[in-house]
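Peer 1: Would you be able to build a 3D model of this:
(chains A and B)
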Number of protein chains: 2
Amino acid sequence: MNFKYPNGKVYKPKVEHTWNRPKQVQYSNRGMTLEEDLNETNQYYRDKGIAVIHKKPTPVQIVSVDYPKRSAAVIKEAYFKQASTTDYNGVYNGKYIDFEAKETRSTTSFPLQNIHEHQVKHMEAVLKQNGICFLIIRFANANEIYFLEAEKLLHFWARKQNGGRKSISKAEIETYGYKIPLGYQPRIDYIKVIEHLYF
Amino acid sequence: MNFKYPNGKVYKPKVEHTWNRPKQVQYSNRGMTLEEDLNETNQYYRDKGIAVIHKKPTPVQIVSVDYPKRSAAVIKEAYFKQASTTDYNGVYNGKYIDFEAKETRSTTSFPLQNIHEHQVKHMEAVLKQNGICFLIIRFANANEIYFLEAEKLLHFWARKQNGGRKSISKAEIETYGYKIPLGYQPRIDYIKVIEHLYF
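Peer 2: Prediction:
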């Protein structure tokens, strides 16, 4: 039996807490999003005591809440807020780990409009604090995943700010990033790249 | 002019993004919650380049969303989820920082029911990764704030698990914790305690 994810919906609830998800063997990667793969990876890291890294909850501005008697509070009106940080953070071997994960359908480049200005500011601030900060990019069609250090991303961001191209070409990502082979457990072993680069 | 916070409501929307809040001098601490004080403190740390620490968004399970034409998506049904981690984390000087903040109206002790089992598990996992992990406790009536290392909290948690008292007495917190004097800017200078203990 395969665990089915909802699809065909405009809004897809994010799987933030995988700990209460049935642990089933998934032989195929088809249909798994980058977020799901990373959640499974982080769950694996936590289960094995390798690292403690979580996805942050989606920021929501709550406007109205109902308190029905004898049942849980129901949020009746709320809005999505823009995150002021990256989506994932945590600790590995005492070091602060911080990253954003993005997929693109483009086969030739990663459009920088996927990243928001305040996320770039956040990354700069994290680097100043000597945190380990990076971007995980998935090219959805090829199902290839790259690790790109925040320092490199900032370089391409600055190029755009200075009137240069609005994306990072795939060739550049291949040159300056690190390809993460898709695995079984963990699916996206980005800690291996961190070990290689920072330890 | 004083900045007013909503009150008298069952649900009080949490101020997660203080960056868009008018920066006004607040001469009085009356009415400020621990969370507001910590948000201002973290904002101060970020503004000054001292540390990058954020409160995580409140975790919400989204059930239904409306997409009105020409306006923002509206969440129509959602529920509060229990957080699987502590509320605050970030980086200081390369080190991973992780903490939970709680207030109590009790004048004599801190009831351990304020802390959830999964938060304790999270703290244990963070300590195993050599993260810096602690609890900030505010005794609301006296308006006294203490920094208690997670290691100490785990000790008192184990005592409770072994049939001992279900709270940490104020005397114990005074002995094993570190009092943080309330300041003007930053309001709750917990980095000073971190400097003292870990650097």
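Peer 1: now check the helix or strand where residue A:152 lies, is it near chain B?
Peer 2: Per DSSP states H and E, residue A:152 falls inside helix A:150-161. No - under the criterion of Cβ under 8 Å from any Cβ of the partner chain, helix A:150-161 makes no contact with chain B; the nearest approach is 12.5 Å. All C-beta atoms are positioned from the backbone trio N, CA, C, and that covers glycine.
Peer 1: residues of that helix that come out buried?
Peer 2: Across helix A:150-161, burial judged by 16 or more other Cβ atoms under 10 Å in any protein chain shown covers A:150, A:152-153, A:156-157.
Peer 1: need the next SSE after it, C-terminal direction.
Peer 2: Using DSSP H and E, the helix or strand that follows helix A:150-161 in sequence is strand A:167-169.
Peer 1: Can you give me the pLDDT of the residue of chain A positioned farthest from its centre?
Peer 2: In chain A, counting by Cα atoms, centre = their mean, residue A:69 sits farthest out from the average C-alpha position, at 38.2 Å. You'll see residue A:69 listed with a pLDDT of 87.
Peer 1: biggest helix in chain A by residues?
Peer 2: When chain A is parsed with DSSP state H, its longest helix is helix A:34-47.
Peer 1: Is any residue of it near chain B?
Peer 2: Yes - counting by Cβ under 8 Å from any Cβ, contacts between helix A:34-47 and chain B involve residue A:46.
Peer 1: roughly how far out does the helix or strand just after that helix sit from the chain middle?
Peer 2: Per DSSP H and E, the first helix or strand lying C-terminal to helix A:34-47 is strand A:52-55. Using Cα atoms, centre = their mean, to the nearest Å, the mean C-alpha position of strand A:52-55 is found 10 Å from that of the whole chain.
Peer 1: next one: stretch A:92-103
Peer 2: Averaging C-alpha positions (Cα atoms, centre = their mean) puts stretch A:92-103 9 Å from its chain's average.
Peer 1: need the contact list for the closest residue to residue A:109 other than its chain neighbours.
Peer 2: Using Cβ to Cβ, 6 or more residues apart in numbering or on different chains and skipping residues adjacent in sequence, the residue nearest residue A:109 is residue A:167, 4.0 Å away. Residue A:167 is in contact with A:106, A:109-112, counting by Cβ atoms under 8 Å, 6 or more residues apart in numbering or on different chains.
Peer 1: ditto for residue A:168
Peer 2: The neighbourhood of residue A:168, defined by Cβ under 8 Å, 6+ apart, consists of A:109-110, A:112, A:148, A:153, A:156.
Peer 1: please redo it, this time with the cut-off set to 10 Å
Peer 2: Counting by Cβ atoms under 10 Å, 6 or more residues apart in numbering or on different chains, residue A:168 touches A:109-112, A:115, A:135, A:137, A:146, A:148, A:152-153, A:155-157, A:159-160, A:176-177.
Peer 1: Who is it paired with across the strands?
Peer 2: On DSSP bridges, the residues paired with residue A:168 through beta bridges are residue A:110.
Peer 1: show me where pLDDT drops low in chain A?
Peer 2: A:1-31 (pLDDT under 70).
Peer 1: Can you list the residue ranges for strands in it?
Peer 2: For chain A, strands defined by DSSP state E occupy the ranges A:52-55, A:60-66, A:74-80, A:88-92, A:95-104, A:109-111, A:132-139, A:144-149, A:167-169, A:178-180.
Peer 1: so residue A:78 makes contact with residue A:64?
Peer 2: Yes - taking contacts as Cβ atoms under 10 Å, residue A:78 lies within contact range of residue A:64: 7.9 Å.
Peer 1: ok now do residue A:112, which residues does it touch?
Peer 2: Counting by Cβ under 10 Å, 6+ apart, residue A:112 makes contact with A:120, A:153, A:156-157, A:159-161, A:165-168.
Peer 1: Going by distance to chain B, which of those residues wins?
Peer 2: Within the contacts of residue A:112, the smallest distance to chain B is 13.5 Å, found for residue A:120 (Cβ to the nearest Cβ).
Peer 1: what's near enough to touch the closest one?
Peer 2: Shown in contact with residue A:120 (Cβ under 10 Å, 6+ apart): A:86, A:100, A:112, A:150, A:153-154, A:157-158, A:161.
Peer 1: Look up how far chain B lies from residue A:116.
Peer 2: Using Cβ to the nearest Cβ, to the nearest Å, residue A:116 is found at 13 Å from chain B.
Peer 1: now swap in residue A:34 and tell me
Peer 2: 19 Å.
Peer 1: can you count the residues close to that residue?
Peer 2: Here the count is done by other Cβ atoms under 10 Å in any protein chain shown, and residue A:34 has 18 residues near it.
Peer 1: phi, psi of the residue nearest to residue A:189 when sequence neighbours are not counted?
Peer 2: Spatial nearest neighbour of residue A:189, chain neighbours left out: residue A:183 (5.6 Å); criterion: Cβ to Cβ, 6+ apart. With angles defined as degrees, to the nearest 10, residue A:183 sits at phi -120, psi -170.
Peer 1: residues contacting residue A:183?
Peer 2: By Cβ under 10 Å, 6+ apart, the contact list for residue A:183 reads A:37, A:41, A:44, A:189, A:192.
Peer 1: mind checking how far the closest residue to residue A:192 other than its chain neighbours is from residue A:32?
Peer 2: The shortest distance from residue A:192 to any non-neighbouring residue, by Cβ to Cβ, 6+ apart, is to residue A:180 (7.6 Å). Here the criterion is Cβ to Cβ, to the nearest Å. By it, residue A:180 lies 15 Å from residue A:32.
Peer 1: more neighbours, those two?
Peer 2: residue A:180 (21 against 17).
Peer 1: Quick check: the more buried one touching residue A:146?
Peer 2: Yes - if you go by Cβ under 10 Å, residue A:180 and residue A:146 touch, sitting 6.9 Å apart.
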